[in-house]
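# here is my input; please provide its structure:
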Amino acid sequence: MKKILLVSKVILGAAIVLVSLHSCKNESKQEDPKEVAEDQNEAKFDSIDSKEDDSEFLIDATEINMAEIEIGKLAQTKSNNPEVKKFGKMLVDEHTKAAAEVKAIADKRNFSLPTSITEEGKDEYDKLNKKTGTDFDKKFADMMVGGHEKAIDRFNKAAENTTDEEIKTWASNSVTALTAHLQHAKQLQQDLDKK
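Next up, the predicted model:
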């Protein structure tokens with residue numbers, strides 16, 4: 001009887017160890033905040049495609065704003081070039097304002113937004129952070145030109161395709177500011193290329 005009890009305890013103990021090892025192995029890494037917001041919105045608005053498209057645009061706008069704010073902060077602390085620092089401050093100020101506007105629009109529609117910078121944003125930030133001196137400044141300017149070109153394209157598409165008048169107006173008005181950022185970034189890029 002004691003042998004059976006002992007064997008039962010050993011088998012039970014082994015089973016517990018296997019289950020706990022299996023559950024540890026299956027733990028997934030933290031989900032990207034953009035994906036979490038997209039999944040939440042998809043569940044809310046599964047039957048209304050226009051709302052899902054609008055929520056995806058506002059998620060993209062939030063992602064852009066968060067990345068620009070963090071990269072702008074980095075430029076202010078890491079660069080020795082006064083023009084790069086000035087551009088970084090402008091990015092933080094204007095994209096913080098834009099982020100608040102996006103949040104207000106999203107809140108009215110019960111849309112979920114990312115709450116932190118995305119994996120892609122972190123990767124870009126880390127690549128820039130590894131640079132120093134003039135290499136940092138040039139990489140920063142290149143990122144600002146490329147990033148703002150993509151953002152302008154995304155905002156123009158949203159302004160053309162959305163049926164939500166407030167989102168259409170906001171996207172359209174934002175293109176003006178993004179275009180000014182792009183021109184500033186191109187000028188900065190040209191000035192740095194001369195060095």
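
# what's the separation between the residue nearest the centre of the chain and Thr118?
For the chain, the residue nearest the mean C-alpha position is Glu63 (2.9 Å; Cα atoms, centre = their mean). For Glu63, the distance to Thr118 (Cβ to Cβ, to the nearest Å) stands at 5 Å. Using the backbone N, CA and C atoms, a C-beta is placed for each residue, glycine as well.

# point out where this structure drops to low pLDDT.
Low-confidence segments of the chain, defined by pLDDT under 70: 1-30, 34, 36-50.

# helices of the protein, residue ranges please.
For the chain, the helices defined by DSSP state H cover 2-25, 33-44, 49-78, 82-108, 119-129, 133-161, 165-193.

# among those helices, which is the most enclosed?
Stretch with highest mean neighbour count among the helices of the chain: helix 49-78 (a mean of 21; mean count of other Cβ atoms under 10 Å).

# surely the residue nearest to the centre of the chain and Glu124 touch.
No. The criterion here is Cβ atoms under 8 Å, and Glu63 misses it with Glu124 at 11.1 Å.

# burial measure for the closest residue to Lys168 other than its chain neighbours, as a count.
Closest residue to Lys168 apart from its sequence neighbours, by Cβ to Cβ, 6 or more residues apart in numbering: Thr162 at 5.0 Å. Thr162 has 19 neighbours, counted by other Cβ atoms under 10 Å.

# residue contacts, Thr162?
For Thr162, the contact set (Cβ atoms under 8 Å, 6 or more residues apart in numbering) comprises 50, 53-54, 57, 168, 171.

# now with 7 Å?
53-54, 57, 168 (Cβ atoms under 7 Å, 6 or more residues apart in numbering).

# repeat for Ile167
54, 57, 105, 158.

# which pair of those residues spans the longest distance?
Across the contacts of Ile167, the longest distance by Cβ to Cβ is 11.5 Å; it joins Ile105 and Ala158.

# distance-wise, check Ser33 relative to Thr163.
That one is not Ser; residue 33 is Pro. According to Cβ to Cβ, Pro33 and Thr163 sit 27 Å apart.

# scratch that, Ser174 is what I was asking about
Counting by Cβ to Cβ, the separation of Ser174 from Thr163 is 18 Å.

# how about Lys139: what's its closest non-neighbour residue?
Lys131 (4.8 Å).

# from memory the one you found sits against Ala141, does it?
No. Lys131 is beyond contact range of Ala141, at 11.3 Å (criterion: Cβ atoms under 7 Å).

# state the distance from the spatially closest residue to Asp164 that is not a sequence neighbour to Thr115.
Nearest residue to Asp164, sequence neighbours excluded (Cβ to Cβ, 6+ apart): Asp54, at 5.3 Å. Going from Asp54 to Thr115 by Cβ to Cβ gives 19 Å.
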